[in-house]
Structures are given as C-alpha cells and as structure tokens.
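Engineer: need the 3D shape of this:
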Amino acid sequence: MHIVVVDPSRVVLKVISGLLTPRGHSVDAFTDSREALGFVTDNASVTALITSLEVRPIGGLELCWSARLLADAHRPLYIITMSSARNARNLAEALDSGSDDFIDKPPGAEELYARLRAAERLTGMQRQLIRLAETDALTGLLNRRAFLQRVTEATDRVGAHGRLGMILVDIDHFKSINDQHGHDVGDAAIRGVSQELAEEAGGIAGRLGGEEFALALPGRSLADAEATAGRLRLRCTQLRFKGSRGPVQLTASFGVSEWSEGETVVGLLKRADIALYEAKTGGRNRVVSAATDLILARAG
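Structural biologist: So this is what the prediction gives:
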C-alpha cells in the first residue's frame, strides 16, 4: 500500500516507517499536517493515512475530516488515527471525524500489520464498488454520470481561461447493423469504437448511452479537438467485425465544441450535440465543429 504517516515526532515517524517499509509498503512521512493533506490530495495512489491526533497546523480531527472528503469523491482511502491518550472520548471523536480505525501510539508491530491487512481488504472492496458504479459494463468506459462528473472536475481545474475540447461521437446507421447482423455484432461495434476513444492519451472517454460516446480533451483547443476527431473518424472506417455474411464495417459522425468562459458542462455538450446533428444530417461520416456560423445560429 501507499501510506502517508503524520506525527509531530520524527522518532515516531521513523519507528512506523521502519515497521512498514520492510513489508513492501511505500511510506511518506510528514510532521506538517497541511503538507500531508496536500500530498494525499495530489496523489491518488495513497490508500492509507495514519495520523496522530496531536498534529499541526491542521489538527488531527480536522485532518481526518478533510481526508474523508477526498475519499468520498472516487478513490478508496483508509484512515487510522493514533494517540498516546487512548480513551472513549478520543476514540468517539476520531470515528465521528471520518477515521476508520484507532490505534495506540506508538503502535505495536503485529497490531499495526493486522490493521493494515484490514485496510487492504476494505480499500480493495471500495475500489471494486467504485469501478462498478462509474464504469459502463459493455465498453469499460466511464458511464454517463461518471463522465459528467470527471468533465466538471476537469473544467474546474482548467479555470475560466483554460482550454478543453469536447467531441461527441455517434455510430452511423447503428440500427441497421443490429438488424442485419445481430446484437452481438452491434455490441462488438460499440466496443470497437470505445477502444479507439480510450486510446486517446489524456482524454476523458465515456459512453453516454446506446451508440453515442463522448471524449473530453483537457488542455486542448478547438483546432486540436477537430484534428483528433478527424483521426478518430478515419480509424473508425478501418474497423472490421466478423459477421455471418462476412466482415462488417462502419462509419461514425463527430460533433466538436470548445469550453468557453462561464459555460456549463451541459452547455458545452449541447453545442457539440448540435454539431453532431449537423454531421448526421449533412451526410454522416463527417466532423462538424460548433465554431461555424451555421452551428452557432442553430444553437441560438
């Protein structure tokens, strides 16, 4: 496990690190609780936090609460509070503040190992539940709810003046593929297109429903998103799926938009959807951008 340990005493930190590192755990130790919280926030690989109640400048209970808010997003995090003054009040306050467990300070080796084994079991189950809640079962992409959440977080990170491109994708004549070749081939087509989207480095890919997908590109301009959509369109035409009457091919249509200051994620998707509609009605197997005067007029 990747474990963060927080305690005002460097001696205690050295003792705990000495117990954990030989067992194969990765340990980062902090005397400053604010620095520790920042590290846990920025490193999703951290799955366990062991903190003393007697830390500063953020108190141990506040640190537990802040860390628990991180865990409630979409990452597993097991929090163990430790104190040399073990009593019912400390235990109750720690658990109420978001701690999963409580241990004496300094902890005994065997007890610490047992607590961490429990942590590994629980975080493993949490990771599985998060995956099931966020993932589209057929494609492995983010489902609609998780995609919208991730894009919202991405727009918060890029800020008012940052860039983010959005691509909506729809498989052309998908009903005909299902009707003529069966739903197994239709499912294979959906998986094939989703794989192309998933391979786009730095992108946030999701299945919005049926044969419609979305790809968000943080840090990319409209021109970058248009170029990406163009490459994806060509790659989709090269896909082949085994059908009862020979290889099955497909094409897809693409609508592109770019994040603008003050816009909502719903608005960003709406403009891409209008562009996608234009691509479908204009002949399919096309990339249309929401930057054109025609699309902007339709959006109004």
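
Engineer: what about the residue lying farthest from the centre of the chain, distance to N43?
Structural biologist: What lies farthest from the middle of the chain is R245; by CA atoms, centre = their mean that is 39.7 Å. R245 is 52 Å from N43, where distance means CB to CB, to the nearest Å. C-beta: built from backbone N, CA, C; applies to glycine.

Engineer: per-residue confidence at the residue farthest from the centre of the chain?
Structural biologist: In this model, R245 is scored at 82, pLDDT.

Engineer: mind listing what's buried along stretch 110-130?
Structural biologist: Applying a neighbour-count criterion of 16 or more other CB atoms under 10 Å, one finds L112, R115, L116, A119, L122, T123, Q126 buried in stretch 110-130.

Engineer: coming back round to it: so who does the closest residue to the residue farthest from the centre of the chain other than its chain neighbours touch?
Structural biologist: Closest residue to R245 in three dimensions, ignoring its sequence neighbours and counting by CB to CB, 6 or more residues apart in numbering: H181, at 7.5 Å. By CB atoms under 8 Å, 6 or more residues apart in numbering, the contact list for H181 reads F241, G243, S244, R245, V248.

Engineer: for the biggest helix by length in the chain, name the packing helices and strands.
Structural biologist: Longest helix of the chain, by residue count under DSSP state H: helix 109-134. The elements that helix 109-134 packs onto, with contact taken as 3 or more CB pairs under 8 Å, 6 or more residues apart in numbering; DSSP states H and E, are helix 10-20, strand 46-52, strand 78-83, strand 101-104, helix 144-158.

Engineer: and D273, how far is that from F213?
Structural biologist: Distance from D273 to F213, by CB to CB: 12 Å.

Engineer: the two: which is more packed in?
Structural biologist: More neighbours surround F213 than the other of D273 and F213, with 28 against 20 (other CB atoms under 10 Å).

Engineer: can you read off the backbone torsions of that one?
Structural biologist: phi -130, psi 170 (degrees, to the nearest 10).

Engineer: and it, what are its bridge partners?
Structural biologist: V169, R207 (DSSP bridges).

Engineer: wait, L222 touches S289, no?
Structural biologist: Yes - counting by CB atoms under 8 Å, L222 does reach S289; the two are 6.5 Å apart.

Engineer: specify the local secondary structure of P247.
Structural biologist: strand (DSSP: H, G, I helix; E, B strand; the rest coil).

Engineer: distance of it from E153?
Structural biologist: Using CB to CB, we find P247 at a distance of 40 Å from E153.

Engineer: ok, these two, which is more surrounded?
Structural biologist: E153 (14 against 9).

Engineer: which intervals of the stretch 51-200 of the chain have sub-threshold pLDDT?
Structural biologist: Under the criterion pLDDT under 70, the flagged ranges of the stretch 51-200 of the chain are 72-73, 160.

Engineer: go with 90
Structural biologist: Applying pLDDT under 90 to the stretch 51-200 of the chain flags residues 70-75, 83-92, 104-106, 126-133, 156-162.

Engineer: check the stretch 201-300 of the chain too.
Structural biologist: Looking at the stretch 201-300 of the chain by pLDDT under 90, you get 201, 243-246, 260-264, 290-300.

Engineer: which residues in it form strands?
Structural biologist: Here the stretch 201-300 of the chain has its strands, by DSSP state E, counting those that start in this stretch, at 204-209, 212-218, 241-243, 246-248, 252-258, 287-289.

Engineer: in its sheet, what does the last one sit against?
Structural biologist: Each strand paired with strand 287-289, and its direction, by DSSP bridges: strand 252-258 (parallel).

Engineer: who touches the partner strand?
Structural biologist: 163-172, 193, 221-222, 225-226, 229, 232-233, 236, 268-269, 271-280, 284-291.

Engineer: which residues touch K14?
Structural biologist: A29.

Engineer: then A291?
Structural biologist: L222, S257, E258.

Engineer: Serialize those residues to TSV and add fields for neighbour count and distance to D96.
Structural biologist: Converted to TSV, the contacts of A291 look like this (neighbours: other CB atoms under 10 Å; distance: CB to CB, whole Å):
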residue	neighbour count	distance to D96
L222	20	49
S257	28	45
E258	23	45
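
Engineer: re earlier: by neighbour count, which of the contacts of H181 wins?
Structural biologist: Going by other CB under 10 Å, V248 tops the contacts of H181 with 20 neighbours.

Engineer: from T31, how far out is the residue nearest to that one when sequence neighbours are not counted?
Structural biologist: Excluding its sequence neighbours, the residue lying closest to V248 (CB to CB, 6+ apart) is F241, at 4.4 Å. Shown here: F241 relative to T31, a distance of 58 Å by CB to CB.

Engineer: repeat that for R144.
Structural biologist: 44 Å.

Engineer: how much space between the residue nearest to R245 and A223?
Structural biologist: Taking CB to CB, one finds H181 at 37 Å from A223.
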